[in-house]
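Novice: fold the following for me, if possible:
(chains A and B)
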Amino acid sequence: MGEFRFIDHTADIAVRLSGKDMNDLFQAAHAAWKKIVIDDCHVETSEDMRITLHADSPEELLVSFLEELNYYLTVRRWICGRLDDFRVMEEGQKWHVQGRLIGEPIREGKHEIQVEIKAVTFHQLSIGRKGDELTTLLVFDI
Amino acid sequence: MKIGGFEINPLSDYLWEIPAQGGMKVPGRVYISRKMLEKFIQEDESIKQVINVAHLPGIQKYSLAMPDIHWGYGFPIGGVAATDLNEGVISPGGVGYDINCGVRLVRTNLEHAVVEKRIQKLVENLFKSIPTGVGSSGAIRKLSPKEIKNVLRKGAGWAVENGFGEEEDLESTEENGCLQQADPEAVSKRAIERGQDQAGTLGSGNHFLEVDVIDTIYDEQVAEAFGLFKGQVVVVIHTGSRGLGYQVCDDYLKILVKAIPRYGFSLPDRQLACAPIQSQEGKDYLGAMAAAANYAWNNRQTIMGLAQKTFMETFNLSPADLGFQLVYDVCHNIAKIEEHDVNGQKKKVCVHRKGATRAFPPHSEKIPGKYRGVGQPVLVPGDMGRYSFVAVGTHKAMEETFGSTCHGAGRLQSRHQALKMGKGKDLIGDLKKRGVYIQARGMKTIAEEMPYAYKDVADVVEVMHLAGISRKVARLHPVGVIKG
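Specialist: As a prediction, the model looks like this:
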């Protein structure tokens, strides 16, 4: 799995993601998101949700993917703890992600939600290769 | 002087100009003191963002920034830009994710001595009746999609119809609490779903409900017109359109990013994505944004209704004895079609205020009749330990800033720094020593929102006062706070 590192940001939360490929980078994005919203709370892997998303660019796909996690969290009150059968693909000019979100319903007393993410922004979001790795900065508006 | 590599020249002690260069269609202008410019703006990218905004098609006169300027997405926070209605664009980045985030000020007949004895009970009761925190919900029953669309059409009027407040509250709300161009059909299903159970909730972060006491009056005549006096207990509510508004911004940023090549715009930042106001995308965003703005007005009106009930129960008072009356409600994240003087001609423009407050002058037809002799109330919240301000709009604001002024303090420390600083400290005790009783969902929020994490809002308000854009009327000191 890829890695993430928080960068100090005055108003919001910025994180530097890296991974050996797109799958890895998206896994790192999920791990960062999970750390932000529930810190180190354990998430049972009792339920799964299938997702399929499409976008014109990997950046747009990454934003859509994280927004999907936020949607499940804030509207369905469901937290994704792990990604399974997860694939990020490029076909023609389009980018796609498909896989399973594994997690459980939010439980009062068990999951303490740390932060309300207003949005995943496009600010300085640019996935590029640095050496052997793909990397990008990602800023969450909170 | 150079800030972030960009030339910025003083026009007066409180106004600085960035000359138009490259693709800038107008100069940039920043209302700020030299001290604040050197201390706060040196390290961030906000001056670059003022320059970026000056590239927007159809921008009029200046790309403006208020003294609480700081780094935002696309526009800086504290940014103001007016674009030509026919040839200009509208940009979600000029409004922000929290559409119609704003502030309302409610006066009461109570004096500090009465409230002081029961402040703990009052804050506990407010905390019980008004949901706070991440994804907070359930202030009122979950609304159906059809009911949400009614909220989006009617704004604060929906809350009044449903027993949260009085008809006269609407007169004391910017735009009477409802933008008429709201188009609920332009709001996505997902945005509506996010709004269904969040009406009447504060949310988290810097949003709050405060019980304040007026400790200073700067202008007796204007304070009297606003119904304010020294020692009076007032309530300040700061929140916005919650998840529904965030979703509208998200949805339209994606649509407008894709529209950029179609219109042949050359923009320095993708978060400045925009569309011509008269295009279908522009009209759709304006309609959806107005709908989200109405949701926010309904939200603050509902919270006010819940707070009134809580005050009445806590102090066993009738509505007449409590005198819970709305002074004014202002939005500080919005784009609105307004008429302004542009180079000697009256012109309709789309004024983007992102972290900026409308500040209309005396005699404006757009402000309530009762305030026309003095000007529009301007509400500028500070941090939860020091103070907030009430100011009043001026003619100079109309001449120079499209009737706009500052909106708040702005963070000084990151949340991480604030958490580190608060580690091991008795933060609730520290606030108590300042005379502030607080209840929040968790210690983390309290630590992140401590006064030392924010700039001094007095410096911000002072710049606009001395620049003649908005004049100080009263200062409010918090005594009770609820937060997410």
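Novice: quick check: residue B:87 vs residue B:179, distance?
Specialist: Per Cβ to Cβ, to the nearest Å, residue B:87 is found 23 Å from residue B:179. All C-beta atoms are positioned from the backbone trio N, CA, C, and that covers glycine.
Novice: so for the two, which sits in the more crowded spot?
Specialist: residue B:179 (26 against 12; other Cβ atoms under 10 Å in any protein chain shown).
Novice: quick one, what contacts the spatially closest residue to the more buried one that is not a sequence neighbour?
Specialist: Of all residues not flanking residue B:179 in the chain, residue B:290 sits nearest, at 3.8 Å (Cβ to Cβ, 6 or more residues apart in numbering or on different chains). For residue B:290, the contacting residues are B:179-183, by Cβ atoms under 8 Å, 6 or more residues apart in numbering or on different chains.
Novice: buried ones among the residues you listed?
Specialist: B:179, B:182-183 (16 or more other Cβ atoms under 10 Å in any protein chain shown).
Novice: closest to residue B:148 among the residues you listed?
Specialist: residue B:182 (12.0 Å; Cβ to Cβ).
Novice: look up how far residue B:149 lies from the closest one.
Specialist: Counting by Cβ to Cβ, the gap from residue B:182 to residue B:149 is 10 Å.
Novice: any idea which helix or strand comes after the host helix or strand of the residue nearest to residue B:179?
Specialist: Element membership for residue B:290 (DSSP states H and E) is helix B:280-315. Counting by DSSP H and E, the next helix or strand C-terminal to helix B:280-315 is helix B:319-322.
Novice: quick one: whichever helix or strand comes after that next one to chain centroid distance?
Specialist: Using DSSP H and E, the helix or strand that follows helix B:319-322 in sequence is strand B:325-331. A distance of 12 Å separates the centroid of the chain from that of strand B:325-331, by Cα atoms, centre = their mean, to the nearest Å.
Novice: what's strand B:325-331 packed up against?
Specialist: Applying 3 or more Cβ pairs under 8 Å, 6 or more residues apart in numbering or on different chains; DSSP states H and E, we find strand B:325-331 packed against strand B:102-111, helix B:167-171, helix B:280-315, strand B:357-358, strand B:377-380.
Novice: which residues are in contact with it?
Specialist: B:100-108, B:156, B:165, B:168-169, B:172-174, B:177, B:226-228, B:234, B:293, B:296-297, B:300-301, B:304, B:353, B:357-358, B:368, B:371, B:376-379, B:390.
Novice: filter those to the buried ones?
Specialist: Buried among the contacts of strand B:325-331 (16+ other Cβ under 10 Å): B:100-108, B:156, B:165, B:169, B:172-174, B:177, B:226, B:228, B:234, B:293, B:296-297, B:300-301, B:304, B:353, B:357-358, B:368, B:371, B:376-379, B:390.
Novice: and stretch B:6-20, which residues are buried?
Specialist: B:8, B:14-18.
Novice: quick one: the helix holding residue B:290 to strand B:102-111, angle?
Specialist: 20 degrees (axes from the mean of the first three to the mean of the last three Cα atoms, to 10 degrees).
Novice: roughly how far is helix B:280-315 from the heart of the chain?
Specialist: Taking mean C-alpha positions (Cα atoms, centre = their mean), helix B:280-315 and its chain are 13 Å apart.
Novice: now it: average pLDDT?
Specialist: Helix B:280-315 carries an average pLDDT of 98.
Novice: list the buried residues of that helix.
Specialist: Neighbour-count burial for helix B:280-315 flags B:281-311, B:314-315 (criterion: 16+ other Cβ under 10 Å).
Novice: how far off strand B:325-331 does that helix point, in degrees?
Specialist: Angle, helix B:280-315 to strand B:325-331, by the same axes, to 10 degrees: 150 degrees.
Novice: once you drop chain neighbours, what's closest to residue B:484?
Specialist: residue B:204 (3.2 Å).
Novice: correct me if wrong: that neighbour contacts residue B:131.
Specialist: No. Contact criterion Cβ atoms under 8 Å: residue B:204 and residue B:131 do not qualify, at 10.7 Å.
Novice: comparing the two, which residue is more hemmed in?
Specialist: Shown here are residue B:204 and residue B:131; by other Cβ under 10 Å, residue B:204 has more neighbours (28 against 22).
Novice: what about that one, distance to residue A:82?
Specialist: Residue B:204 is 26 Å from residue A:82, by Cβ to Cβ.
Novice: tell me who's in contact with residue 69.
Specialist: Using chain A here. A:30, A:33, A:80, A:101.
Novice: actually, chain B is the one I wanted.
Specialist: B:30, B:32, B:41, B:46, B:50, B:76-79, B:410.
Novice: I'd like these written out as TSV, with distance to chain A and pLDDT added.
Specialist: As requested, the contacts of residue B:69 are exported to TSV (distance: Cβ to the nearest Cβ, whole Å; pLDDT from 0 to 100):
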residue	distance to chain A	pLDDT
B:30	18	98
B:32	17	97
B:41	12	85
B:46	11	92
B:50	16	97
B:76	11	94
B:77	8	94
B:78	12	96
B:79	14	98
B:410	8	85
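Novice: you'd agree residue A:104 is in a strand?
Specialist: Yes. According to DSSP: H, G, I helix; E, B strand; the rest coil, residue A:104 belongs to a strand.
Novice: number of nearby residues for it?
Specialist: 17.
Novice: does it really touch residue A:77, like I thought?
Specialist: No. Using Cβ under 8 Å, residue A:104 makes no contact with residue A:77, being 10.3 Å away.
Novice: quick check, pLDDT for residue B:42.
Specialist: Note on residue B:42: pLDDT of 79.
Novice: nearest spatial neighbour of it, skipping sequence neighbours?
Specialist: residue B:3 (6.1 Å).
Novice: if any of the contacts of residue B:69 are buried, put those into a ChimeraX selection.
Specialist: Only the buried entries of the contacts of residue B:69 go into this ChimeraX selection, using 16+ other Cβ under 10 Å:
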select /B:30,32,41,46,50,76,77,78,79,410
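Novice: tell me the phi and psi of residue A:29?
Specialist: phi -60, psi -40 (degrees, to the nearest 10).
Novice: one step back: dump the helices and strands packed on strand B:325-331 into JSON lines; add distance to residue A:15 as well.
Specialist: Below are the helices and strands packed on strand B:325-331 laid out as JSON lines (distance: least, Cβ to Cβ, whole Å):
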{"stretch": "strand B:102-111", "distance to residue A:15": "30"}
{"stretch": "helix B:167-171", "distance to residue A:15": "42"}
{"stretch": "helix B:280-315", "distance to residue A:15": "27"}
{"stretch": "strand B:357-358", "distance to residue A:15": "32"}
{"stretch": "strand B:377-380", "distance to residue A:15": "32"}
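Novice: among those, which comes closest to residue B:192?
Specialist: helix B:280-315 (9.5 Å).
Novice: what does chain A have sitting close to chain B?
Specialist: A:6, A:8-11, A:13, A:56, A:60, A:63, A:67, A:71, A:73-75, A:77, A:112-116, A:118-119, A:121-123, A:139, A:141-142 (Cβ under 8 Å from any Cβ of the partner chain).
Novice: which of these are buried?
Specialist: A:9-11, A:13, A:60, A:63, A:67, A:71, A:73-75, A:113-116, A:118-119, A:121-123, A:139, A:141-142.
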